[in-house]
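A.B. asks: Turn this into a model:
(2 chains)
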Amino acid sequence: MEFIDNLALGFSYSLALHNILYCFIGALLGTAIGVLPGLGPLATIAMLLPLTFTLDPISALIMLAGIYYGAQYGGSTTAILVNLPGENSSVVTAIDGYQMARQGRGGAALATAALASVLAGVLATFFIASFSPILAQAALSFKSPEYFSLMIVGLIAAVILANGSIIKAIGMVVVGLILGTVGTDLNSGVTRFGFGLLPLMSGLEFVAISMGLFAFAEIMANVAQKSSGKTDLHRVTRLWPSKDDFRLGTPAAIRGTLLGSILGILPGGGAALASFSAYSLEKKVARDPSAFGHGAIQGVAGPEAANNAAAQTSFIPMLTLAIPSNGVMALMMGAMMVHNIVPGPMVLTQNAPMFWALVTSMLIGNVILVLLNLPLVGLWVKLISVPYTVLYPAILMFCLIGLYGIENSSFNVYVAGVFGLVGFLLHKLRCEPAPLLLGFILGPLLEENLRRSLLLSKGDFSIFVSRPISLTLLLLAAVLLISTMLPSLRKKREEAFAED
Amino acid sequence: MLRFLLRSPDGQTALLFVAFGLAVAWGATTYTLGTPGRMGPGFFPFVLGILLALLGLGVFVSGWAKREREEFGPTPWRAIIFITAAALAAGVLLERFGLAPAVIASTFIGALAEPRASWLRVAAVSVALVIFAWLVFIVGLDLRVPVVRF
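C.D. replies: Residues are numbered from 1 along each chain as shown, chains lettered A, B, ... in the order given. This is a model prediction of the structure:
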């Protein structure tokens, strides 16, 4: 059977000792950094990216994936113990998880989160393995007009789910697209917006942009308040969930996994959407909805399973269609491109070992994560209580030297410095920086496909609407965009984000 | 109106989008624009620049229509200045003098961003970070940068 063969091929790489080791290191570092309060997965991954650049592509991807779900899990730990969710996807975990911690059931909440995550991770891996080949097969018939329209859908969908104003988010995507044009134009050989700077010929470095926008800007926003405050931490005692917890939590985790797996594939979907939806689903199906908000175990198990499942299935559109559904996936895609792997339907045929190694490593990684997290909870708790005054210089140092290491030059350090200022400005202006990153990563691909389409049609824009698949995709994008302007939906969207 | 443009997040975003968009579109005209069928290198950025400027107008209109207009809180200038300075200083020092001076400088300059930094602690942190950086980047990752170079 092909399915089994594929998995066997993957395991033959991912079970190699050095790759297990990289998976372990990735998950460990991801969790350790992700646990730190006020440091979301985007900043965490950006900060750790340079560590993977010296590895061979397969090991690098395995380690990156480990960092990714480690960071997700670490974020949940912080959300539960100190009520400081690092990003949207752990916001709902904080609601009931933190209440559990206040009632002295923090250990059980953490264990539930870990067990729900591993269950979701394992099931989602099989989901990816069976679903990606189908999607890739379908996408093989895509030509540049379809790709162009697909990217438009992806970008619009991602924008709709961003926090805050939609016009601003679209503006951020456009700014990202503009930044993506910096460097040598492959078709003409002309350097665009190079300002006579030699390093800019190869374009802006996405690691520098993301470190600046996320890590530096976060430090600027936090250093004044956090260096004086103390983190209020609840003691973790009993770790293992009770029988009742299992009875209520297990079905919730399974529901969360299913919901998350599906929502993760949608363009614009991902961990945050999945956890919000899972929480409201649990609230609806629960026999006693009034327990929610006061430490309901389902409120931890469901969303945690959902966000982990979605975090993994969101790899599907990124790997097979080259459509990152959110900022974190854009970062992963950029990292793949650093290793000269261009995602798309060809990945499955041309880079089959890499693809299956990555998919199977997720399974291994999730198991490692649970083995790591249950015994190491005490260590993570200590990490959370590290004062910010020690933390931010370490983050700064890690970023600065990592940036230097990319090209053995300080140019990227300066670029990140500038983007730190940009990131802070955007924060001030209430503009979400994640869509910018999405635009930046997709920019060159979007331009390339636009150019090719119009070359094909000799400049006739109707090529995008005369091809059925492309037309359908564009209509979908239009519907998505218009739906946000409807008053009823608009209100709902505002409510969803208002919960944090 | 002027107050809205200069004092509120929406107003400034609108200004920024329009200004940056027009600047990009203008910059793009210095490259060949070409035709849609045969795009030159300037075509895509030109279109994006115009699009961004239009979005800026959109932000202006929607922000102006809001009943409650938000205004800025105080800006932590100190943090912005010293964190950026820490990064730039580390960049210069890494190339000229190596890892240790860069890490120490970035830690000390960064600490100026804190309202009340304890210099003893900053010194201890910087020493620890030099050792940490040396272990991770030079021993672990084989980064080609000297610890100290005179």
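
A.B. asks: SS state for the residue in chain A that chain B sits nearest to?
C.D. replies: Here the residue of chain A nearest chain B is A:Gly459; by C-beta to the nearest C-beta that distance is 2.8 Å. For every residue, glycine as well, the C-beta is placed using N, CA and C. Classification of A:Gly459 by DSSP: H, G, I helix; E, B strand; the rest coil places it in coil.

A.B. asks: so it touches B:Thr35, yeah?
C.D. replies: Yes: judged on C-beta atoms under 8 Å, A:Gly459 makes contact with B:Thr35 at a distance of 5.7 Å.

A.B. asks: and the residue of chain A closest to chain B, what is it in contact with?
C.D. replies: B:Thr35, B:Pro36, B:Gly37, B:Arg38 (C-beta atoms under 8 Å, 6 or more residues apart in numbering or on different chains).

A.B. asks: so how far is chain A from the first one?
C.D. replies: Separation of B:Thr35 from chain A (C-beta to the nearest C-beta, to the nearest Å): 6 Å.

A.B. asks: Please apply the same query to B:Ile131.
C.D. replies: 11 Å.

A.B. asks: And the pLDDT at that residue?
C.D. replies: For B:Ile131, the model assigns a pLDDT of 94.

A.B. asks: go on, A:Gly38?
C.D. replies: At A:Gly38, pLDDT is 67.

A.B. asks: try the one 4 residues further on
C.D. replies: pLDDT, A:Leu42: 82.

A.B. asks: how many neighbours does it have?
C.D. replies: 25 (other C-beta atoms under 10 Å in any protein chain shown).

A.B. asks: Quick check: A:Asn412 touching A:Ile401?
C.D. replies: No: with contacts counted by C-beta under 8 Å, A:Asn412 stays clear of A:Ile401, the gap being 11.0 Å.

A.B. asks: check contacts around A:Lys143.
C.D. replies: Taking C-beta under 8 Å, 6+ apart, one finds A:Ser453, A:Leu456, A:Arg467 in contact with A:Lys143.

A.B. asks: Include distance to B:Met1 when you put those residues into TSV, please.
C.D. replies: Shown next, in TSV, are those (distance: C-beta to C-beta, whole Å):
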residue	distance to B:Met1
A:Ser453	42
A:Leu456	47
A:Arg467	46
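
A.B. asks: And those, which of them are buried?
C.D. replies: A:Ser453, A:Arg467 (16 or more other C-beta atoms under 10 Å in any protein chain shown).

A.B. asks: Extract the residue ranges of chain B that are flagged as low pLDDT.
C.D. replies: B:67-69 (pLDDT under 70).

A.B. asks: How is it divided into domains?
C.D. replies: If you go by automatic domain parsing, the domain ranges for chain B are B:2-65, B:77-140.

A.B. asks: Please compute how far the last one lies from its chain's middle.
C.D. replies: So the one you mean is domain B:77-140. What separates the centre of domain B:77-140 from the centre of its chain is 18 Å, taken as C-alpha atoms, centre = their mean, to the nearest Å.

A.B. asks: Where do the helices of chain B begin and end?
C.D. replies: Here chain B has its helices, by DSSP state H, at B:2-7, B:9-28, B:43-65, B:77-97, B:99-111, B:119-133.

A.B. asks: What distance do you get for A:Ala60 to A:Phe398?
C.D. replies: Separation of A:Ala60 from A:Phe398 (C-beta to C-beta, to the nearest Å) stands at 18 Å.

A.B. asks: Actually, B:Ser62.
C.D. replies: 39 Å.

A.B. asks: Roughly how far does B:Gly73 sit from A:Ile156?
C.D. replies: Counting by C-beta to C-beta - B:Gly73 and A:Ile156 are separated by 31 Å.

A.B. asks: of these two, who's got more company?
C.D. replies: A:Ile156 (23 against 7).

A.B. asks: Tell me who's in contact with that one.
C.D. replies: Going by C-beta under 8 Å, 6+ apart, the list of residues near A:Ile156 reads A:Ile170, A:Gly268, A:Ala477, A:Leu480, A:Leu481.

A.B. asks: mind checking pLDDT for it?
C.D. replies: For A:Ile156, the model assigns a pLDDT of 88.

A.B. asks: what do you get for A:Glu87?
C.D. replies: For A:Glu87, the pLDDT comes out at 66.

A.B. asks: repeat for the one 5 residues further on
C.D. replies: Note on A:Val92: pLDDT of 83.

A.B. asks: I figured it hits A:Gly299, correct?
C.D. replies: Yes: the pair A:Val92 / A:Gly299 is scored as a contact, 7.2 Å apart, by C-beta under 8 Å.

A.B. asks: residues in contact with A:Gln103?
C.D. replies: Under the criterion of C-beta under 8 Å, 6+ apart, the neighbours of A:Gln103 are A:Gly295.

A.B. asks: quick one, phi psi at the residue of chain A closest to chain B?
C.D. replies: phi 90, psi 10 (degrees, to the nearest 10).

A.B. asks: Ignoring the adjacent residues along the chain, who's closest to it?
C.D. replies: B:Gly37 (2.8 Å; C-beta to C-beta, 6 or more residues apart in numbering or on different chains).

A.B. asks: Ramachandran coordinates for that neighbour?
C.D. replies: phi -70, psi -30.

A.B. asks: next one: the one 5 residues further on
C.D. replies: Dihedral angles phi and psi of B:Gly42 (degrees, to the nearest 10) take the values phi -90, psi -20.

A.B. asks: Now do it against chain A, distance only.
C.D. replies: To chain A, B:Gly42 is 8 Å away according to C-beta to the nearest C-beta.

A.B. asks: Tell me which residue in chain B sits closest to chain A.
C.D. replies: B:Gly37 (2.8 Å).

A.B. asks: Correct me if wrong: that residue contacts A:Lys458.
C.D. replies: Yes: counting by C-beta under 8 Å, B:Gly37 does reach A:Lys458; the two are 4.7 Å apart.

A.B. asks: so A:Ser261 is in which element?
C.D. replies: In the assignment (DSSP states H and E), A:Ser261 maps to helix A:243-265.

A.B. asks: After that helix, heading C-terminal, what element do we hit next?
C.D. replies: Moving toward the C-terminus from helix A:243-265, the next helix or strand (DSSP H and E) is helix A:271-285.

A.B. asks: Okay, buried residues for that next one please.
C.D. replies: A:Ala271, A:Ala272, A:Leu273, A:Ala274, A:Ser275, A:Phe276, A:Ser277, A:Ala278, A:Tyr279, A:Leu281, A:Glu282, A:Lys283.
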